[in-house]
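[1] Sequence and predicted structure are below.
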Amino acid sequence: MANPKCKCCGKEVSRKTAVKDEYIQTQNLKLANRYFCNQECYDKFHFEDTIKDNFYRITSEILNIEPLKNWYFKKRLSELKDKNKAFLILYKKKEEFLLEFESTIRKMKTEKSITKNYEIAVYINLLEIYSKKYVDIDNHTETKIELIDYIDYENAMPKGKQVKPRKTIFDID
């Protein structure tokens, strides 16, 4: 039988020395094993899982939606360049991010009524901005980049991604 690969780093490990993790497969409800080369890889793999779970839990609390069932949220999340950094930011900088998000939404609500998809767009845009703001969040060295006037409050898009107005039948080329 071939040696399994580490689930975290992808190295081949022998079954005798590997750290074994049992889990239930969701497709056929069988008990299966994951193998890791050492305890550090095991901890790293499960830490990333907890970060993802916390990200979706916090997001559902903030936006009052189920993120995995909302197609618009999935689409906008797939546009993020570095999802893992966004997950980490919400995990480590939750309070600061929430204050920024609440103040941004409050500003927008005073100007006009906004929809849930509008809130989702602002949420994802702020995550992207925060991922640029904290460059080395993994190494616990925060390097802040000052971003002034980064959101166009008219259509809740970062500068440079503005939506063109729709053409009507009255527009002549």
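    Structure's in. What do you need?

[2] wait, what's in contact with residue 13?
    3-6, 35-37 (C-beta atoms under 8 Å, 6 or more residues apart in numbering). Quick note: C-beta positions are derived from backbone N, CA and C, even for glycine.

[3] The chain: helices as residue ranges?
    Using DSSP state H, the helices of the chain run over residues 39-63, 71-78, 83-92, 94-111, 116-133.

[4] For those helices, give me a markdown table that also has mean pLDDT and mean neighbour count.
    A markdown table is the format used below for those (pLDDT from 0 to 100; neighbours: other C-beta atoms under 10 Å):
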| stretch | mean pLDDT | mean neighbour count |
| --- | --- | --- |
| helix 39-63 | 87 | 15 |
| helix 71-78 | 87 | 14 |
| helix 83-92 | 80 | 19 |
| helix 94-111 | 84 | 13 |
| helix 116-133 | 83 | 19 |
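
[5] In JSON lines: those helices, plus distance to residue 11.
    Shown next, in JSON lines, are these (distance: least, C-beta to C-beta, whole Å):
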{"stretch": "helix 39-63", "distance to residue 11": "9"}
{"stretch": "helix 71-78", "distance to residue 11": "29"}
{"stretch": "helix 83-92", "distance to residue 11": "20"}
{"stretch": "helix 94-111", "distance to residue 11": "34"}
{"stretch": "helix 116-133", "distance to residue 11": "29"}
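
[6] Ok, which of the ones you listed comes nearest residue 29?
    For residue 29, the closest of the helices of the chain is helix 39-63, at 19.7 Å, according to C-beta to C-beta.

[7] tell me the angle of the closest one relative to helix 83-92?
    Calculated by axes from the mean of the first three to the mean of the last three C-alpha atoms, to 10 degrees, helix 39-63 forms an angle of 70 degrees with helix 83-92.

[8] First-to-last residue distance for stretch 26-37?
    The first residue of stretch 26-37 is 24 Å away from its last residue (C-alpha to C-alpha, to the nearest Å).

[9] circling back: using JSON lines, lay out the contacts of residue 13 together with distance to residue 91, pLDDT and neighbour count.
    Formatted as JSON lines, the contacts of residue 13 follow (distance: C-beta to C-beta, whole Å; pLDDT from 0 to 100; neighbours: other C-beta atoms under 10 Å):
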{"residue": "3", "distance to residue 91": "34", "pLDDT": "87", "neighbour count": "12"}
{"residue": "4", "distance to residue 91": "29", "pLDDT": "90", "neighbour count": "17"}
{"residue": "5", "distance to residue 91": "27", "pLDDT": "90", "neighbour count": "15"}
{"residue": "6", "distance to residue 91": "24", "pLDDT": "89", "neighbour count": "19"}
{"residue": "35", "distance to residue 91": "26", "pLDDT": "90", "neighbour count": "21"}
{"residue": "36", "distance to residue 91": "22", "pLDDT": "91", "neighbour count": "24"}
{"residue": "37", "distance to residue 91": "25", "pLDDT": "90", "neighbour count": "21"}
